[in-house]
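# sequence unknown, structure follows:
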């Protein structure tokens with residue numbers, strides 16, 4: 001079953017979703033019927049050119065998809081999608097799997113709004129998606145002091161693009177508050193507005209540190225789709241070592257184009273991405289307290305545990321044991 005949210009007016013998205021799901025509209029939120037599961041779809045307007053669409057679903061039915069088609073008047077807008085899979089669920093983003101224990105499980109997709117986004121949800125598990133929609137004038141209004149050449153190109157070059165960015169712990173905390181704000185309904189709107197701006201601010205700060213020079217995004221929509229297939233292949237088995245020729249064959253593009261397009265979308269080389277993905281899996285396994293350092297290292301294919309410890313320290317600045325100790329203090333475990 002597919003839900004197609006594609007009304008020409010953003011204000012009609014709620015009624016569109018309610019009609020298709022049989023849900024009840026309460027204010028700016030649609031509550032899905034119990035026969036489908038638990039959850040809601042919420043649309044919040046901060047300003048006439050700045051919105052948030054918040055979806056949190058735990059479904060009983062076979063995996064449906066939600067097609068978010070941006071109204072024509074929003075061409076030239078930007079979208080930020082962030083995902084928070086609370087109980088190790090799988091989300092499908094434009095038919096590509098974002099599963100648990102992957103580097104992008106709680107990740108951010110940031111891009112221009114010309115393309116529709118297809119979101120698929122796993123049955124029986126809670127998955128949350130926050131989509132922030134805003135225009136170039138909004139960027140000028142809220143962030144007038146942007147002087148980074150790369151970010152200037154992102155917002156004002158007019159080029160369609162899609163970037164995937166790992167979510168930091170600070171961004172993840174804000175995302176959690178966007179999805180489950182613990183405030184009274186009377187201040188909910190301004191709270192969400194503030195947290196959305198805070199999230200965008202930290203994301204732009206991270207991008208500014210990461211990218212220097214001109215914004216040169218040349219990948220076409222079909223290229224992006226094929227690069228997402230390459231990413232999925234890499235993450236499907238992190239103990240495998242697919243070579244560049246094999247990945248280029250999957251992407252149906254030359255090896256040089258694969259290198260260039262992958263780095264444009266993910267901000268790093270194929271090798272870097274795979275290594276960071278392995279370290280993120282290691283981090284998640286360690287903080288679960290279900291595995292020892294040796295078990296995690298061996299599960300990721302390291303025959304020499306000292307090499308695993310060295311790789312982990314390079315990624316996170318601490319050895320696995322030191323990281324766990326600090327994590328326990330911060331989380332109160």
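Sure thing, it's come through. All values reported here derive from a predicted model rather than from experimental measurement.
# Contacts only, for residue 25.
Residues near residue 25 by CB atoms under 8 Å, 6 or more residues apart in numbering: 14-15, 18. For glycine as for every other residue, the C-beta is placed from the backbone atoms N, C-alpha and C.
# quick check, nearest of those to residue 280?
residue 14 (35.6 Å; CB to CB).
# Helix, strand or coil: sort out residue 108 for me.
For residue 108, the assignment made with DSSP: H, G, I helix; E, B strand; the rest coil gives strand.
# Equivalent analysis for residue 56, please.
strand.
# Could you do the one 5 residues further on as well?
Put simply, residue 61 is coil when judged by three-state DSSP.
# Filter the contacts of residue 25 down to the buried ones.
Buried members of the contacts of residue 25, counted by 16 or more other CB atoms under 10 Å: 14, 18.
# Residue 203 - that's part of a strand, no?
No - counting by three-state DSSP, residue 203 is not found in a strand; it is helix.
# what's near enough to touch it?
80, 108, 110, 165, 171.
# Tell me who's in contact with the closest residue to residue 45 other than its chain neighbours.
Nearest residue to residue 45 in three dimensions, chain neighbours excluded: residue 51, at 5.4 Å (CB to CB, 6 or more residues apart in numbering). Going by CB under 8 Å, 6+ apart, residue 51 touches 10, 43-45, 132-134.
# how near is residue 51 to residue 79?
Separation of residue 51 from residue 79 (CB to CB, to the nearest Å): 10 Å.
# Likewise for residue 135?
Using CB to CB, residue 135 is found at 11 Å from residue 79.
# Over to residue 38?
26 Å.
# got it, and residue 112?
In this view, residue 112 and residue 79 are 7 Å apart by CB to CB.
# can you check residue 27 too?
23 Å.
# More neighbours: these two, which one.
Comparing residue 27 with residue 79 by other CB atoms under 10 Å, the one with more neighbours is residue 79, at 21 against 11.
# does the residue lying closest to residue 162 once chain neighbours are set aside sit in a helix, a strand or a coil?
Nearest in space to residue 162, with sequence neighbours left out and distances taken as CB to CB, 6+ apart, is residue 111 at 3.7 Å. Secondary structure assignment for residue 111 (three-state DSSP): strand.
# Pull the contacting residues for residue 111.
With CB under 8 Å, 6+ apart, residue 111 has these contacts: 78-79, 160-163.
# On the strand side of things, show who it bridges to.
Listed by DSSP bridges, the beta-bridge partners for residue 111 are residue 79, residue 162.
# Equivalent analysis for residue 123, please.
Taking DSSP bridges as the rule, residue 123 bridges to residue 59.
# my guess is it meets residue 60, correct?
Yes - here residue 123 reaches residue 60: they are 6.7 Å apart, a contact under CB atoms under 8 Å.
# Which one's more surrounded, the two?
residue 123 (15 against 12).
# Could you check the pLDDT of the more buried one?
At residue 123, the model reports a pLDDT of 74.
# roughly how far apart are it and residue 82?
For residue 123, the distance to residue 82 (CB to CB) stands at 22 Å.
# Now residue 184. Its backbone dihedrals?
phi -70, psi 150 (degrees, to the nearest 10).
# and it, how many residues sit next to it?
8.
# And it, how close does it get to residue 247?
51 Å.
# And for residue 178?
35 Å.
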